[in-house]
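*Asks:* Could you work out the structure for the sequence below:
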Amino acid sequence: MSIDGIARLLNRFSEAVDGRQPVLIAEQFAEDGVFAPGSPLLRGPSAIEAFFRDRQADPRRTTSHLWSNLRVDPRSEEEADFRVTLSVYAFEPQVSEADLQFRIGTVSGRCVRTDGDFWRFSEHRYQRTFTTAMPLTGGRP
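*Replies:* Numbering: from 1, shown residues only. Okay, the predicted model is just below:
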């Protein structure tokens, strides 16, 4: 099994989140897919889309997601467990108007192949390792 399809899934997800596209974010999940960004646990594309619509309500909120250290453990040709390190830079005005938030954590879960080499999350769980803030220089985003 190639890990390329799962790496592409992670990239599609982060591009959709950073691009503020809730419908596209939700499309990365299987019909009964679980998304656990901490709390609450969300199930299914509709709940995930609604979560991101609310989360991205402030047009000034800006993020950049970076993946590293991807590990894939195949269960079958159509299913695999994964674990990856996620670094997120976020300007969240409700948290701070002067600082950029920086978070590192682990995303783990399961993916399913749905069409050819097109993968979706059946489970996506985020566990934050730490967070810090960095002063913005040169103005806000």
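*Asks:* hey, where'd the strands end up in this protein?
*Replies:* 29-36, 42-43, 62-76, 79-91, 99-115, 118-135 (DSSP state E).
*Asks:* The fourth one to strand 99-115, inter-axis angle?
*Replies:* In terms of direction (axes from the mean of the first three to the mean of the last three C-alpha atoms, to 10 degrees), strand 79-91 departs from strand 99-115 by 160 degrees.
*Asks:* For the longest helix seen in the chain, give the mean pLDDT please.
*Replies:* Counting residues, the longest helix found in the chain (DSSP state H) is helix 4-18. Mean per-residue pLDDT for helix 4-18: 97.
*Asks:* Contacts for it, please.
*Replies:* 22, 24-25, 27-28, 52, 63-67, 70, 72, 80, 82, 84, 111, 113, 117-121, 124 (C-beta atoms under 8 Å, 6 or more residues apart in numbering). Placement of C-beta: from N, CA and C, glycine included.
*Asks:* now these: which count as buried?
*Replies:* Listed as buried from these are 22, 24-25, 28, 52, 63, 65, 72, 80, 82, 84, 111, 113, 119-121, 124; burial here means 16 or more other C-beta atoms under 10 Å.
*Asks:* now the longest helix of the chain, how far from the chain's geometric center?
*Replies:* Chain-centre distance of helix 4-18: 8 Å, with C-alpha atoms, centre = their mean, to the nearest Å.
*Asks:* Buried residues in it, which are they?
*Replies:* Quick answer for helix 4-18 (16+ other C-beta under 10 Å): 5, 6, 7, 9, 10, 12, 13, 14, 16, 17.
*Asks:* Before I go, just wanted to say thanks for your time.
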